[in-house]
Structure formats: C-alpha cells, structure tokens
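Colleague: I'll drop the sequence and a predicted model, then ask my questions.
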2 protein chains.
Amino acid sequence: MTTDTEVRERVLEAADRLFYAKSAHAVGMDELRAEAGVSLKKLYSLFDGKDALVEEVLRRREEAITAETMKYVLRASSPQEQVLAVFDWMADSSGTTDFRGCAFINSYAELGPSSDRVTAVVRHQKSGVRGAIAAMVEAMGKPEWVADSIFLLFEGAMTNTAITVSSEPARQARKAARFLLEST
Amino acid sequence: MTTDTEVRERVLEAADRLFYAKSAHAVGMDELRAEAGVSLKKLYSLFDGKDALVEEVLRRREEAITAETMKYVLRASSPQEQVLAVFDWMADSSGTTDFRGCAFINSYAELGPSSDRVTAVVRHQKSGVRGAIAAMVEAMGKPEWVADSIFLLFEGAMTNTAITVSSEPARQARKAARFLLEST
DNA sequence: TACAGTAGAGAACGAACGTTCTCCACGGCA
DNA sequence: TGCCGTGGAGAACGTTCGTTCTCTACTGTA
C-alpha cells in the first residue's frame, strides 16, 4: 500500500526532475502526472496547484542540496579543504548529463518577476549558501570579503558550468578560491 | 513617414524591455504589439514569429551591452581600471529599478533546454565577455586563470545583484578582482 | 449479494497563447 | 471620380494549458 506521503514524494521527485530539466513553464501538469504515475485528481488533492508545487519543489531541493554539499564538506581533511569542497560537489554534479546549473537562479529568471513566493525561496537559498561559506571562511580567520568573493565565484561557476557544458568553470573557481584563501 | 526599419527597431526595443522585465514566455504577442504601437499584421510581416524575435532581441542586446561596457572601459585611466570598469558598469546598471541580471543567463534558464538558437546566442555572448576580459588581463601580463576568475566573479555578481536587488555584489566582485590583479 | 465510499482514467471547460484571416478605411494615380 | 493596393484593427482559429468534473471500477463490510 502506498501512503499519501509516498505519493507526494514521488510527485515532488518527478516535478523536481522535470522542472529542472525543462524549466517549469515547459512542463504541463499532465506530463507531470504521467511521469509521477499518479492521477490528476490525486495530484490536485495533494497540492494546491502548479504554483504551490513549484514552490515546494524548490524548498525540497534546497534541503537536498544542502545535505549533499554537507557530505562533501564534512569529509574534507582541513578547514580550507572544507571551503573548497563545494567546488568539488559542483564539478561532480556537472558530470551528470542533465546538469542545468542552479535551479534557484533558473527559477528566479523564469518566475521571479511574477512570483513573490519563488523570489523568497530563491533569496533564502542564496543567503543560506552565502552564510555557510562565510561561516567556514570566518572559522579560518579570513576577512569577510574573501567569503563574499568565494560565494560569487561559486555562483558564476554554477551558471557557466551549465552554459559551457563542462566542469572547467568549477575547477577554475576552485583554483581562484584557494588562491584567495592562501594569500589573505 | 516611418520606414520598416524604424518600426522594426521600435518592436525590438519594446520586446527587449518586456522580455527582460518579465521573461519571454510571460509576454504575449498582443501585449508586445500594444507596447510597440504596431499592428499584429505588421509585426508578423517584419518577424518570422516569436522565436525568431527572441533570438534577434538577444543578438541586438549583445551588441548594445558590448558597446555600453566599452564606453566604461575606454574612459578608464589605466589597464587595471579598464578591467575593473566592467564592474562599474554593472553597479551603475543595477541602479536602475528594473535591473534583472544577465538577460542571457535568464534566457538560457528559460529557453535553453528547448531552443538551440537561444543556446547558441547565449554561448556566443558568454565567450565574448570572457574573451574581452581575457584580452585586457593578458595585456597586463597576468596569467589566464586570473582572467577566468574575474569572469566568474562578474557572472556571479550579475545574478546576485539582481536577486538581492543591491549593487553590493558588484562592488564585492570589483574588490576581489582588484585583489587578484594586484597580487599576481 | 448488496451497498457505500474511494480513487483512477480521462473528458470537459474556460482562459490564454501564437498565428492567420477578414474587413474596412485611406491614399496614389488615371 | 473611380479604382487598386497597402495597412491597421481586431475577430477568429487551432492549440495548449491549468483545473475541475463525470463516470466507472473496485474495495471493504454486513
């Protein structure tokens, strides 16, 4: 027997995958229904509509990404390697054929102007990433502008890794971040 | 008398403004027709449809942005200030209330997966910016990885200036770029 | 077996889209 | 003046979307 929670999760997983791959407006509710193996009725009984679904997908993805990058950070051997681990995560992620950059930047580009809810989730994710980097950099005793710079390198590498379909930007950003950490 | 060329330009200007502000899929052809003050018939006689219009808008914007940043670069007083001028352009641009980040990144997020034409224009613009920065940095005798890093800082600042609605990321990126140029 | 209630399949609906077509007003020219 | 062709206004068309509704099959229970 499949509980509602399980069905919800299946829908969210499918929605996350499709929205990320094709952008939200390019995925119809019927396509999503088919991909999740769920009836349209059930879909609308579990979610308040497409907008709410998009929002929930983003929130869920924020948690998932945070957890996954944390794994990279925690297995690092030194404080500096901890900071740089986020770029290793990016390089590994971009190896998957369906890498499409930062889902939050993408969603903000597509839906930001029309949805305050999406904008709020995106801002929350960005300030979270920025805060996490800042905490690690501060623990190394480095000035705050170094953390800001590494965050911007991360963001720039995220989009350009997607656009160029190569993990080169991730490696370049890692190198720059290391230089900043070692020369300040 | 208004020539076809003038009408074309008026349509392209309106399309650029609307697409950038609201994302392409959120702007209907009828809204664009009204904004440009043109009949639907004329619109379709001048352009091959919405897709072609989006593509042409992006190409036109690439030229316009290149020209505008060049103005900042050319008035700079030193090679280093020339490189950093791109961040001054960004800070000034973000001052306008309707700043929405990089139109090419935004378009790639929204249309990249479904349009090879859009993807091609975006890649062209990105490699152009990267090349321009690389040329200036190389002229200073700095290693290539410094240029790559400054480019990524530029890209990251572009998106985060939009998301945070503040020119702070532009200033942070400028500071980081200056540090890279002065310590290598 | 008879029945109540749930859930799935997918038809149906209203709105919005991109695109084309119809109709009419107007200006140049004989 | 009469005629032709261009162009504007916007109705119309076919499609697609998000969302809701209808009908039917099935399950558990007495």
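Modeller: Great, that's in hand. Numbering: from 1, shown residues only, chains lettered A, B, ... in the order given.
Colleague: so where do the strands sit in chain A?
Modeller: With DSSP state E, there are no strands along chain A.
Colleague: Near DNA strand D, which residues of it? Just list them.
Modeller: Proximity of chain A to DNA strand D (C-beta under 7 Å from any atom of the strand) is limited to residues A:His25, A:Val27, A:Gly28, A:Met29, A:Asp30, A:Leu40, A:Lys41, A:Tyr44, A:Gly49, A:Lys50, A:Asp51. C-beta here means a position set from N, CA and C on the backbone, and glycine is covered the same way.
Colleague: Break chain A down into its structural domains.
Modeller: As given by automatic domain parsing, the domain ranges for chain A are A:1-47, A:62-182.
Colleague: Please identify the most buried of those.
Modeller: domain A:62-182 (a mean of 19; mean count of other C-beta atoms under 10 Å in any protein chain shown).
Colleague: Determine if any part of that one is in contact with DNA strand C.
Modeller: No. On the criterion C-beta under 7 Å from any atom of the strand, domain A:62-182 is out of touch with DNA strand C, staying 10.7 Å away.
Colleague: Let me know the average pLDDT across that domain.
Modeller: Mean pLDDT, domain A:62-182: 97.
Colleague: how about that domain against chain B, any contact?
Modeller: Yes. Judged by C-beta under 8 Å from any C-beta of the partner chain, domain A:62-182 comes into contact with chain B at A:100-101, A:105-114, A:122-123, A:126, A:145, A:148-149, A:151-160, A:162-164, A:169, A:172-173, A:175-176, A:179-180.
Colleague: in chain A, which spans are helices?
Modeller: With helices called from DSSP state H, chain A shows them at A:4-22, A:29-36, A:40-46, A:50-74, A:79-95, A:103-111, A:116-139, A:144-164, A:168-182.
Colleague: ok, now how distant is A:Ser95 from A:Cys102?
Modeller: For residue A:95 the amino acid is Gly, not Ser. 16 Å (C-beta to C-beta, to the nearest Å).
Colleague: ok, now how distant is A:Ser94 from B:Gly49?
Modeller: 33 Å.
Colleague: May I see the domains of chain A arranged in a markdown table, with distance to B:Glu81 as well?
Modeller: A markdown table is the format used below for those (distance: least, C-beta to C-beta, whole Å):
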| stretch | distance to B:Glu81 |
| --- | --- |
| domain A:1-47 | 39 |
| domain A:62-182 | 19 |
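Colleague: Nearest to B:Val83, out of the ones you listed?
Modeller: domain A:62-182 (14.8 Å; C-beta to C-beta).
Colleague: quick one: contacts for the nearest residue to A:Leu40 once chain neighbours are set aside?
Modeller: Nearest residue to A:Leu40, sequence neighbours excluded (C-beta to C-beta, 6 or more residues apart in numbering or on different chains): A:Arg33, at 5.2 Å. Going by C-beta atoms under 8 Å, 6 or more residues apart in numbering or on different chains, A:Arg33 touches A:Ser39, A:Leu40, A:Leu43.
Colleague: what's the closest non-adjacent residue to the last one?
Modeller: When you say that, I think you mean A:Leu43. Per C-beta to C-beta, 6+ apart, closest to A:Leu43 is A:Arg33, 5.5 Å.
Colleague: what's the pLDDT at that neighbour?
Modeller: 96.
Colleague: One more: the one 4 residues further on?
Modeller: Looking at A:Gly37, its pLDDT is 94.
Colleague: The closest residue to it other than its chain neighbours: what's it in contact with?
Modeller: Using C-beta to C-beta, 6+ apart and skipping the chain neighbours, the partner closest in space to A:Gly37 is A:Arg10 (7.0 Å). A:Arg10 is in contact with A:Ala36, A:Gly37, A:Val38, counting by C-beta under 8 Å, 6+ apart.
Colleague: Go through the residues you listed and name the one nearest B:Ala64.
Modeller: Closest approach to B:Ala64 among the contacts of A:Arg10 (C-beta to C-beta): A:Ala36, at 43.3 Å.
Colleague: The closest one against A:Arg8, yeah?
Modeller: No. Between A:Ala36 and A:Arg8 no contact is recorded; they are 9.8 Å apart, counting by C-beta atoms under 8 Å.
Colleague: For A:Ile150, see how far away the closest residue to A:Glu144 other than its chain neighbours is.
Modeller: In space, and not counting its chain neighbours, A:Glu144 is closest to A:Ala134: 6.6 Å by C-beta to C-beta, 6+ apart. A:Ala134 sits 9 Å away from A:Ile150, going by C-beta to C-beta.
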